[in-house]
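A.B. asks: Following is a predicted model, sequence given first.
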Amino acid sequence: MATDSPHTAEACITSSGALARAFRFLGKRWNAVVLGHLSGGAAGFRELSRGLDGISDSVLSDRLSDLVAGGLITRTVDAGPPVAVSYALTERGRALMPALEQISRWAQENLPADGC
């Protein structure tokens, strides 16, 4: 086996570590779905809550906080009146969209529908 191959043990460990980190974050229920919804543009809490069937307000609030802390979305407060809060993808969040679209396409082609 050639030693100049990009598939060395070190590369695999680094790649596997990065993949594990990504899925620890993205594998948290609803995170990827919230990001996908925001790919269509900024949205307020109520709009997100109505657009994501099955998510509770408390879970949505937690996921939005996680995504803001992770630097994938921004939270903007418009002092109003009335006060309005909106969420939007950051550049880092937008950079993730092609990968999420690929995962979604793979799921459509390879996983049985679960009635959604």
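C.D. replies: Perfect, I can see it now.
A.B. asks: how about the spatially most central residue of the chain, what does it touch?
C.D. replies: Nearest to the geometric centre of the chain sits Ala32, at 3.2 Å (C-alpha atoms, centre = their mean). By C-beta atoms under 8 Å, 6 or more residues apart in numbering, the contact set of Ala32 is 26, 100, 103. Where C-beta positions appear, they are placed from N, C-alpha and C, glycine not excepted.
A.B. asks: The residues you listed into a markdown table, with extra columns for secondary structure and pLDDT?
C.D. replies: As requested, those are exported to a markdown table (DSSP: H, G, I helix; E, B strand; the rest coil; pLDDT from 0 to 100):
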| residue | secondary structure | pLDDT |
| --- | --- | --- |
| Leu26 | helix | 85 |
| Leu100 | helix | 93 |
| Ile103 | helix | 91 |
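A.B. asks: Just the buried residues out of the residues you listed, in ChimeraX syntax.
C.D. replies: In ChimeraX syntax, the buried subset of the contacts of Ala32 is picked out as below (16 or more other C-beta atoms under 10 Å):
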select :26,100
